[in-house]
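>>> Need a 3D model of the following:
(one chain, ligands or ions: 2)
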Amino acid sequence: MNTHARHDVHGDVARRHVTATAPGKVNVSLRVGPLRPDGYHDVASVYLAVSLTETVTAVARDDGRITVGPCPRHVSLVDAHDVPWDESNLAHRAAVLLRERMGLDPETHGVDLQVAKQVPVAGGMGGGSADAAAALVACSALWDTGLTRSGLAELAAELGADVPFSVVGGAAVGLGTGTDLTPVAARNPVHLVVVPADGGLSTPVVFEALDRLRAEGTLDSPGGVEVNQDVVRALALADPLALALAMDNDLQTPAVSLFPELSDVLDLGLDEGALRGMVSGSGPTLLFVARDEQEAERLATAVKERTGIEAIPVHGPVHGAGLL
Ligand SMILES: C[C@](O)(CO)[C@H](O)COP(=O)(O)OP(=O)(O)OC[C@H]1O[C@@H](n2ccc(N)nc2=O)[C@H](O)[C@@H]1O
Ligand SMILES: Nc1ncnc2c1ncn2[C@@H]1O[C@H](COP(=O)(O)OP(=O)(O)OP(=O)(O)O)[C@@H](O)[C@H]1O
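Ligands and ions are numbered 1, 2, ... in the order given. Here you go, the predicted structure:
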């Protein structure tokens, strides 16, 4: 029996359960290369794990079934109606993959996954990826796999480009499809405001829009991608102004072309004193850089007052997926 699992009483049956959390992310730099034959793009990304986290409780079942649903105890801050609560859910896929790769008996190793979400759905902040990362960590403890964090990160890469980073957390450069991670220093927290949009954007559709804009010559087509070292340096120096000036995102133009309302909110954030505004990942969530925590609080309140949107002050880096 592993040391992390606790017991709970459901009816007459004591069921072991484990809870894990995993962070959402923003990309403070996202440089995207040309389309590859496998449908992916090489990226040079600088990831920052932020203080919006997903929580997954894995409750043991001995009938081999795997289920996923909203957590009945933890409050979700986002509308769980937008989430597919079936086998396509990334947390469900994570549990299936882990069980298979560890050679565990599918007749006896089942789990109910209870997910509490804080990260906007389909917002470009890797919320589904964080659910997968938390599910991997929770199920690994529940089933006593003995996998290390790097073993989990390797499995994570099979689930999606952003999943390994949510396992690892902190701040990191991501190469390849984003899964080849190198941690970078980020000593002091960076304070940001994230502004979710009313609706989501499909990640592949945003990448396709980028390819289209490049093919028609509206955007330059790079031969390859290089890491934005100015952003890496700004994180190491914990200098919000340098970070704001250096940040970039190749998916911003395609995301705004698909979701034109974003330009108004970007302008409004700058008008309210943000050091810089940018689309987070594939969008449509926006991120604004603030000078410090107080300024982030003030900015979030101002954006909320002017737009009615629930702007959220966050900070990063925070640690990766772990047991509660
Ligand atoms: C936009 C980012 O969030 C930035 O971190 C990621 O690149 C996307 O990560 P993700 O949502 O975990 O992506 P996946 O689920 O692996 O891929 C979804 C789809 O996005 C596109 N995709 C994703 C990552 C990548 N490096 N190149 C791509 O072209 C592909 O069409 C892929 O089929
Ligand atoms: N656990 C999950 N939570 C949310 N969405 C999920 C989950 N599992 C699968 N999905 C599907 O994945 C899509 C993208 O969800 P997610 O919230 O991860 O987007 P995202 O933050 O834009 O991702 P990324 O930044 O990694 O591209 C959703 O529209 C949904 O259909």
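
>>> Can you tell me which residues in the protein are near ligand 1?
Applying CB under 6 Å from any ligand atom, one finds that the chain approaches ligand 1 through 27, 30, 39-41, 43, 45, 124, 126, 129, 160-162, 177-178, 203-204, 207, 281-282. Where C-beta positions appear, they are placed from N, C-alpha and C, glycine not excepted.

>>> Could you rerun that using 5 Å?
By the rule CB under 5 Å from any ligand atom, the part of the chain lying against ligand 1 is 27, 40-41, 43, 129, 160-162, 177-178, 203-204, 207, 281-282.

>>> Tell me the one of those residues nearest A236?
Closest to A236 out of the residues of the chain next to ligand 1 is N27 (17.2 Å), distances taken as CB to CB.

>>> so who does that closest one touch?
S45, V46, Y47, L48, N249, S280, G281 (CB atoms under 8 Å, 6 or more residues apart in numbering).

>>> mind redoing it with 10 Å?
Contacts for N27 (CB atoms under 10 Å, 6 or more residues apart in numbering) come out as 43, 45-48, 124-126, 162, 165, 174, 178, 231, 247-251, 278-282, 287.

>>> Just the residues of the chain next to ligand 1: which are in strands?
Among the residues of the chain next to ligand 1, the residues falling in strands (DSSP state E) are N27, H41, V43.

>>> thought the second one was touching F207?
Yes - contact between H41 and F207 holds when scored by CB atoms under 10 Å: they sit 6.1 Å apart.

>>> Now do the shared contacts for those two.
Joint contacts of H41 and F207 (CB under 10 Å, 6+ apart) are V32, L35, D250, L251.

>>> JSON lines for the residues you listed, including distance to G320?
Converted to JSON lines, the shared contacts of H41 and F207 look like this (distance: CB to CB, whole Å):
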{"residue": "V32", "distance to G320": "24"}
{"residue": "L35", "distance to G320": "29"}
{"residue": "D250", "distance to G320": "25"}
{"residue": "L251", "distance to G320": "23"}
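
>>> so which of those also contact ligand 2?
Of the shared contacts of H41 and F207, not one also sits near ligand 2 (CB under 5 Å from any ligand atom).

>>> Count the neighbours of A238 for me.
The tally of other residues near A238 (other CB atoms under 10 Å) stands at 14.

>>> mind checking how far it is from A185?
9 Å (CB to CB, to the nearest Å).

>>> got the contact list for D162?
24-25, 27, 45, 47, 90, 124-130, 132-133, 156, 174, 177-179, 203, 281-282.

>>> can we see that at 7 Å?
K25, G126, S129, G178 (CB atoms under 7 Å, 6 or more residues apart in numbering).

>>> Of the residues you listed, which is the most crowded?
Neighbour tally across the contacts of D162 (other CB under 10 Å): the maximum, 34 neighbours, falls on G126.

>>> tell me the contacts of it?
Counted by CB under 7 Å, 6+ apart, G126 has contacts G24, K25, D162, S166, G281.

>>> which SSE is V231 in?
Secondary structure assignment for V231, by DSSP states H and E: helix 229-237.

>>> from the stretch 51-200 of the chain, which residue is nearest to ligand 2?
Across the stretch 51-200 of the chain, no residue is closer to ligand 2 than G128, which sits at 2.6 Å (CB to the nearest ligand atom).

>>> Quickly run through the sheet partners of the strand or helix carrying V32, with directions.
Using DSSP H and E, V32 maps to strand 13-35. Note on strand 13-35: by DSSP bridges, its sheet partners are strand 6-10 (antiparallel), strand 41-61 (antiparallel), strand 248-249 (parallel), strand 322-323 (antiparallel).
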